[in-house]
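> model the following, please.
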Amino acid sequence: VLGRHERAERWFASVREAADADRSNWDVRLPLVWALTECGREPEARVVLDEGVGTPRDRHHGVPWLVRLLRRGETELVRELIGERSEPNDPEKRHAFGVRWFDDWAAARALTVYGQPDLLRLWGDVNRSWVRDALPVAERIAAEGRPTGPTAHQLADLAAQHAGLAKLPKATKRRESAQVARNAADCGHVSAVLDLLPGTEETGDYGLGSNDRTWVALSALRIIAIGVDVDVW
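Okay, the predicted model is just below:
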């Protein structure tokens, strides 16, 4: 983007070397695939993808990349990864990580909010997970598009949740305010998130927690921007 092609090629060569040294290291391989794709080098990106072994294991098991693929409309690649390059869960065997793509419930959430009921069913079949409750939402989004704001029912529900906060002890109220803020973000209700943030926890002496104001704000931004609380690619 900045025109520094020589420097970019050095970076690509360095990361490709690191990826080749450990074909199962998706922490290196996936960013390389993503960068090549963004630069319009899809054939090279596909080679790097196909040379990988296993599946991503950490940071939501590759779900940030799943979201990126869904935003780009790469649904056939998603179908291939989930359906053809994953080993279906066998209840008779001990659960094995690294054999199924996007092996995380955040993946089901992503497939739902991006209106992909067929892929959601496939994900549920491969992972032997119950996704039936989410299917009507995915089907509605597929037919009508992603909602741009809360429905009347969601507004009423959020109002009831907000009213309930006043009855809680201080510590519990702060914790529950964090959850209600996330619920508001799920509905796309930005002003409700902003109203609720001051009532969440401040960062303590032991580091940042998931209910702390900074973390909740980051979670809300992710949910509002991409529909799922995972890293943004």
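
> list the contacts for Arg29?
Ala19, Arg23, Val48, Leu49, Glu51, Gly52 (C-beta atoms under 8 Å, 6 or more residues apart in numbering). In this view, the C-beta of every residue, glycine as well, is placed from N, C-alpha and C.

> how many residues are close by the third one?
It stands for Val48. Using other C-beta atoms under 10 Å, Val48 has 22 other residues around it.

> kindly report the same for the one 4 residues further on.
Gly52: 20 surrounding residues under other C-beta under 10 Å.

> what's the span of stretch 123-136, first residue to last?
Distance across stretch 123-136, first residue to last, is 15 Å (C-alpha to C-alpha, to the nearest Å).

> got it, and stretch 124-136?
End-to-end distance of stretch 124-136 (C-alpha to C-alpha): 14 Å.

> got the contact list for it?
82-83, 86, 88-89, 91, 100, 103, 105, 108-109, 112, 117, 120-121, 123.

> out of those residues, which is nearest to Leu197?
Arg109 (22.1 Å; C-beta to C-beta).

> the closest one: helix or strand, and which one exactly?
Per DSSP states H and E: Arg109 is located in helix 105-113.

> other SSEs contacting that helix?
helix 63-72, helix 117-127, helix 135-144 (3 or more C-beta pairs under 8 Å, 6 or more residues apart in numbering; DSSP states H and E).

> list the buried ones in stretch 7-15?
Phe12, Val15 (16 or more other C-beta atoms under 10 Å).

> mean confidence for that stretch?
What stretch 7-15 shows for mean pLDDT is 96.

> any idea how far it is from the chain center?
28 Å (C-alpha atoms, centre = their mean, to the nearest Å).

> same thing with stretch 186-203?
20 Å.

> ok, now stretch 143-162?
The answer for stretch 143-162 is 21 Å, by C-alpha atoms, centre = their mean.

> what comes up buried for it?
Of the residues in stretch 143-162, Pro150, Gln154, Leu158, Gln161, His162 count as buried by neighbour count, 16+ other C-beta under 10 Å.

> so for that stretch, what's the average pLDDT?
Mean predicted lDDT for stretch 143-162 stands at 93.

> just to revisit the earlier point, looking at the helices and strands packed on helix 105-113, which is buried most?
Using mean count of other C-beta atoms under 10 Å, the stretch among the helices and strands packed on helix 105-113 with the largest mean neighbour count is helix 63-72, at a mean of 22.

> give me the contacts around it.
By C-beta under 8 Å, 6+ apart, the list of residues contacting helix 63-72 from outside reads 30, 33-34, 56, 75, 77-78, 101-102, 104, 106-107, 110-111, 114, 116, 226-228, 230-233.

> report the backbone C-alpha coordinates of it in CSV.
Only the C-alpha atoms of helix 63-72 are listed here, as CSV (Å, rounded to 0.1, in the frame of the first residue of the first chain):
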residue,chain,number,x,y,z
VAL,A,63,-12.2,-17.6,13.9
PRO,A,64,-10.9,-14.1,13.1
TRP,A,65,-9.8,-15.4,9.7
LEU,A,66,-13.2,-17.1,9.3
VAL,A,67,-14.9,-13.7,9.8
ARG,A,68,-12.6,-12.2,7.3
LEU,A,69,-13.5,-14.9,4.7
LEU,A,70,-17.2,-14.3,5.4
ARG,A,71,-16.8,-10.6,4.9
ARG,A,72,-15.1,-11.2,1.6
